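Asks: Sequence and predicted model, in that order:
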Amino acid sequence: MILFCPDLVGKEEVKAVCVGNGDFVRPVLNPCIKEKCVAYKDGYCKKYHNKVEGEREK
């Protein structure tokens, strides 16, 4: 399982189907881009000091 990068988080605005309240903003999480990132080296993120490849939970 590849962990999500805090630098690659975006947002998506969702409009309500009916008029009135109900509009909301949903976060969009993107996975680590690994070798394309300058902070990545051998499965480790030097910027956030953690492993990029996480263990899958059962």
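Replies: Okay, I see it.

Asks: partners of R26 in the sheet?
Replies: As for beta bridges, R26 partners with E12 under DSSP bridges.

Asks: That one and V14 touch, don't they?
Replies: Yes - applying C-beta atoms under 8 Å, one finds R26 in contact with V14, separated by 5.7 Å. Using the backbone N, CA and C atoms, a C-beta is placed for each residue, glycine as well.

Asks: who touches both of the two?
Replies: By C-beta atoms under 8 Å, 6 or more residues apart in numbering, R26 and V14 have no common neighbours.

Asks: center of the protein - which residue?
Replies: L29 (2.9 Å; C-alpha atoms, centre = their mean).

Asks: which stretches of this structure form strands?
Replies: 10-14, 24-28, 40-41, 44-45, 50-51 (DSSP state E).

Asks: Reformat these as a markdown table; add mean pLDDT.
Replies: Output for these, formatted as a markdown table (pLDDT from 0 to 100):
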| stretch | mean pLDDT |
| --- | --- |
| strand 10-14 | 93 |
| strand 24-28 | 93 |
| strand 40-41 | 92 |
| strand 44-45 | 90 |
| strand 50-51 | 87 |
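
Asks: how many neighbours does the residue nearest to E53 when sequence neighbours are not counted have?
Replies: Spatial nearest neighbour of E53, chain neighbours left out: G43 (5.3 Å); criterion: C-beta to C-beta, 6 or more residues apart in numbering. Neighbours of G43 under the rule other C-beta atoms under 10 Å: 10.
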